[in-house]
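J.: coordinates for the following, if possible.
(2 chains)
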There are 2 protein chains.
Amino acid sequence: MSLDAIKDLLGPGGFIDDPKDMAPYLSEPRGRWTGSTRLVALPDNVGDIAGVVKMCQHSNIPIVPQGGNTGLVGGNTPTGNEIVVSLSRLNRIRDIDSAGFTMTVDAGCILADIQEKANDANRLFPLSLAAEGSCQIGGNLSTNAGGVHVLRYGSARDLVLGLEVVLPNGEIWDGLRKLRKDNTGYDLKHLFMGAEGTLGIITGAVLKLFPKPRQKAVAFVGLHDIDSVLDLFTLAQENHGEVLNAFELIPRIAVDFVTTHLPDGSDPLAEQHTWYALIELATADDSGVLISVLENLLAKAVDLGLVSDGVIAQSEAQAASIWRLREEISEIQKREGGSIKHDISVPVQVIPAFIKQACHAVEQAIPGVRPVPFGHIGDGNIHFNLIQPVGADTQQFLEQRESVNDIIHDIVASYEGSFSAEHGIGRSKVDEMRRYKSPLELDMMATIKRSLDPNNIMNPGRILAGDDR
Amino acid sequence: MSLDAIKDLLGPGGFIDDPKDMAPYLSEPRGRWTGSTRLVALPDNVGDIAGVVKMCQHSNIPIVPQGGNTGLVGGNTPTGNEIVVSLSRLNRIRDIDSAGFTMTVDAGCILADIQEKANDANRLFPLSLAAEGSCQIGGNLSTNAGGVHVLRYGSARDLVLGLEVVLPNGEIWDGLRKLRKDNTGYDLKHLFMGAEGTLGIITGAVLKLFPKPRQKAVAFVGLHDIDSVLDLFTLAQENHGEVLNAFELIPRIAVDFVTTHLPDGSDPLAEQHTWYALIELATADDSGVLISVLENLLAKAVDLGLVSDGVIAQSEAQAASIWRLREEISEIQKREGGSIKHDISVPVQVIPAFIKQACHAVEQAIPGVRPVPFGHIGDGNIHFNLIQPVGADTQQFLEQRESVNDIIHDIVASYEGSFSAEHGIGRSKVDEMRRYKSPLELDMMATIKRSLDPNNIMNPGRILAGDDR
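T.: Predicted coordinates for the structure are as follows:
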């Protein structure tokens, strides 16, 4: 009955209830999470979202807010009890203010469209990640998305000046401010970002824009050893911190995968190295020559014995080909069999120690396993992926996921790291929350959840288990 | 009785209860807020703070947490009902990690000491404000302090990776993480920053450090008119955004005050201009010459007709003398009589329109009043100060404070600005909260306050009025 009222409110085109048409909303790209629902609501304005939430509150119907449905941790997949509220039709760029370096957007705008719109206005919106062609900004903010430029520009939450949120009681909070400084009470916007839709539905945001870089310089260097990566990072920071746009660690095995499996994949360097770094500088300043700056940095690094060899891209095509090496790592691994992944972070200065210890531990647990640790040095976020041993049974390997996760996450915890650096908690890491978070911290989160969503209708079971509340 | 228990816990030297020794804790430097208390607790470790809070919770004794006591809005002054918990003795630098670009500090560390310690480690802690010689980092974080480098580095909250907080129930939340990326549930640290001690007592923090600039370049320029300041700011951002360290607006009257009242005060430019900008670039990169970069920028600005004249400091002494012009504005005003101040922000692109409208409105209300609008263009934060008309009665002028505040704050609100950009709410702006915030937003804040501090013992009456709760 109450679903009928929701359908009436939204009207034809405003919802889907035919099971076969609902399919795209019920599983995520990898197919690891699948679910079911009675209704996918597709409101195209904030008032209707508020209306739907009010009805759900009244009838105690839980809601899964859904953006581009690219999340990897089960936060966006309904379990059967909830209806889905998709933000896809709420997708207008509301305002772009190039003098004020801001853009105001609906939550359903695709990230790549926002990047493009900013670019058209001679500005940069720096959030950039693999799913940018289909993920939506509302989901990016709700999960505090990361990507390769966190080092320089921060995570998604750092790129926001204001928010509009439909609260669990169906009220619309208009926090769409364009202010760079505002000390008038509690910072409510940070509460909703990273909350994965459990405290309300983000429906709009004022985003920060940045000056558009006019020069980029990209290098791919072979490191002396894994410890050198930290010294090289410090050298780059101390000398060129303000233009350091990306600093990525890549292991030899990833280069092997790319050269083996990509028809046009090649190793940019003549000799093999155990570890590589990809360094990108970018600047809005066109008065100097950025490639020379990068050359000088690498010359210093060679003198200090940190870098054995390296190449600086001399064209955009060459830069793109170096970046491709890094960006293909996730995809290319699939050709080598099953993989068990960890999206972890540790304090930057313990990255080498962590990698050594974690590799050793998994090699003890699964002889022949192939670790592929890569990622963002600057923010301590390592994608610690493990590929099955050559010739092993994929299914048997994957069955060890949980025990391997525990091994890695325990080591991460011993370094005071995070078991979820970028991807969030969703449903997949609710158990880890209980294992690694203090009861006090879980209790603080549950207190806040209860106070804003006493009937637990907003994305229930995500972040906090039902009985944490 | 319960105060005796607190004294027993803290021991000799751990508290003050002699009225004459308590005096420094009972008023702030300007003397606008004075109060009284039965006890100033001076715990020197986190456990004792937790102990005091537990006892206060048990006996329903409210607490005013106090840092360097430099706040301007009455948040730090006890009303007689509360005891003061001073953080002054909790003042150790716990750890400095130059490779990881972090520093872990007790809340009672003086800001200038933290800056110096970072500097010794070849790093920068960029928070910088007038009170830095006596304010404490815990207070800076609790009030989300600003300063002149927000444009580049953000407010105090943006400089924090982790927090330690004694909660209203006396539990210690250890959120002292050094992680640059961590998506494991709600971001609790942002809730305590800017909460002005109403949700708990910040006792420690992990701060972000930055590469230390090795070059600075400072210019003082006469603008064509007030509208030019935005175009000049955009030009500076688009070309040198990553090294733009400060961008301050200064009106002619402020230069007059400085040259009139400072024995060695002089106008850096030969001719008079109505408006000036102070521009500072700073970079860690020593490969180029930053002064040339600034020269080129100003040459462009002259070509575009934005700037009529300007000078670039050729020495550190000259740079300091230009900065002094800006920094003396607050002090020097006092020589011209009474002043009514507004710490407001508006979206950056409406600053000229706001200043024109606000000046007109106050000149209508008080003929002869002398507006001195100055401040941080980059973050929209204008210190809109009004000096009494020449020869007017100071007391009579100051009696118009509230009505003038209303005029200015109404105009600010019409531009969707903030009536408290930097200084917070404390007790002085609780009425403005009710006047300008939506009931929904006040209710969200009250809900959070009630959920974490149900007995309202933490800095009661600050931010939210007693009956908002």
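J.: contacting residues around the nearest residue to A:E432 once chain neighbours are set aside?
T.: Leaving out its chain neighbours, the residue that sits closest to A:E432 by CB to CB, 6 or more residues apart in numbering or on different chains is A:F419, at 4.9 Å. Quick note: C-beta positions are derived from backbone N, CA and C, even for glycine. For A:F419, the contacting residues are A:H342, A:I344, A:H409, A:V412, A:A413, A:K429, A:E432, A:Y436, B:T184, by CB atoms under 8 Å, 6 or more residues apart in numbering or on different chains.
J.: now, among these, which is nearest to A:S2?
T.: Distance ranking of the contacts of A:F419 against A:S2, using CB to CB, places A:K429 first at 31.8 Å.
J.: surely that closest one meets A:V73?
T.: Yes: counting by CB atoms under 8 Å, A:K429 does reach A:V73; the two are 6.1 Å apart.
J.: so what sits against both of those two?
T.: Listed as contacting both A:K429 and A:V73 by CB under 8 Å, 6+ apart are A:S420.
J.: tell me the most packed of the contacts of A:F419, by neighbour count.
T.: For the contacts of A:F419, counting by other CB atoms under 10 Å in any protein chain shown, the largest number of neighbours falls to A:I344: 29 neighbours.
J.: contacts only, for that one.
T.: When contacts are counted by CB under 8 Å, 6+ apart, A:I344 touches A:N381, A:I382, A:F384, A:I408, A:H409, A:V412, A:G417, A:S418, A:F419, A:S420, A:A421.
J.: of those, which belong to helices?
T.: Taking DSSP state H, the ones among the contacts of A:I344 that sit in helices are A:I408, A:H409, A:V412.
J.: confidence score at the first one?
T.: To tie it back to what came earlier, the one meant is A:I408. With respect to pLDDT, A:I408 has a value of 98.
J.: quick one: it and A:V346 touch, right?
T.: No: the pair A:I408 / A:V346 is not scored as a contact, 11.0 Å apart, by CB under 8 Å.
J.: are there residues contacting both of the two? Which ones?
T.: Counting by CB under 8 Å, 6+ apart, A:I408 and A:V346 have no shared contacts at all.
J.: which one of these two is surrounded by more residues?
T.: A:V346 (28 against 24).
J.: for the stretch 351-469 of chain A, just list every one of the helices.
T.: Taking DSSP state H, counting those that start in this stretch, the helices of the stretch 351-469 of chain A run over residues A:351-365, A:394-398, A:401-414, A:430-436, A:439-452.
J.: what residues does the second one touch?
T.: Outside helix A:394-398, the residues that touch it by CB under 8 Å, 6+ apart are A:G337, A:G338, A:I340, A:I366, A:V369, A:Q388, A:P389.
J.: next to chain B, which bits of the stretch 51-200 of chain A? Give me the list.
T.: Selection of the stretch 51-200 of chain A residues close to chain B by CB under 8 Å from any CB of the partner chain yields A:97-102, A:122, A:143-144, A:146, A:150-151, A:154-155, A:157-158, A:167, A:171, A:173-175, A:177-188, A:190-191, A:193-195, A:199.
J.: same thing but 6 Å
T.: A:99-100, A:144, A:146, A:171, A:173, A:178-188, A:190, A:194-195 (CB under 6 Å from any CB of the partner chain).
J.: same check on the stretch 201-350 of chain A?
T.: Residues of the stretch 201-350 of chain A lying near chain B by CB under 6 Å from any CB: A:211, A:234, A:237-243, A:284-285, A:287-288, A:293, A:345, A:347-349.
J.: for A:T394, give its distance to chain B.
T.: Noted for A:T394: a distance of 29 Å to chain B, by CB to the nearest CB, to the nearest Å.
J.: quick check: the residue nearest to A:E432 vs A:N381, distance?
T.: Distance of A:F419 to A:N381, computed by CB to CB, to the nearest Å: 12 Å.
J.: what does A:I279 give?
T.: A:I279 is 16 Å from A:N381, where distance means CB to CB.
J.: same check on A:G461?
T.: 26 Å.
J.: looking at the two, which is more packed in?
T.: Counted by other CB under 10 Å, A:G461 and A:N381 do not tie: A:N381 has more neighbours, with 30 against 21.
J.: hmm, A:S418 and that one touching each other?
T.: No: using CB atoms under 6 Å, A:N381 is not in contact with A:S418; the gap is 8.6 Å.
J.: intersection of neighbour lists for the two?
T.: Taking CB atoms under 6 Å, 6 or more residues apart in numbering or on different chains as the criterion, A:N381 and A:S418 both touch A:S345.
J.: in the stretch 151-300 of chain A, which segments are predicted with low confidence?
T.: Counting by pLDDT under 70, not a single residue of the stretch 151-300 of chain A qualifies.
J.: give me the distance from the helix or strand harbouring A:V302 to the chain's centre.
T.: If you go by DSSP states H and E, A:V302 is part of helix A:290-303. Distance of helix A:290-303 from the chain centroid (CA atoms, centre = their mean, to the nearest Å) equals 31 Å.
J.: next one: stretch A:134-150
T.: Averaging C-alpha positions (CA atoms, centre = their mean) puts stretch A:134-150 5 Å from its chain's average.
J.: thanks a lot, catch you later.
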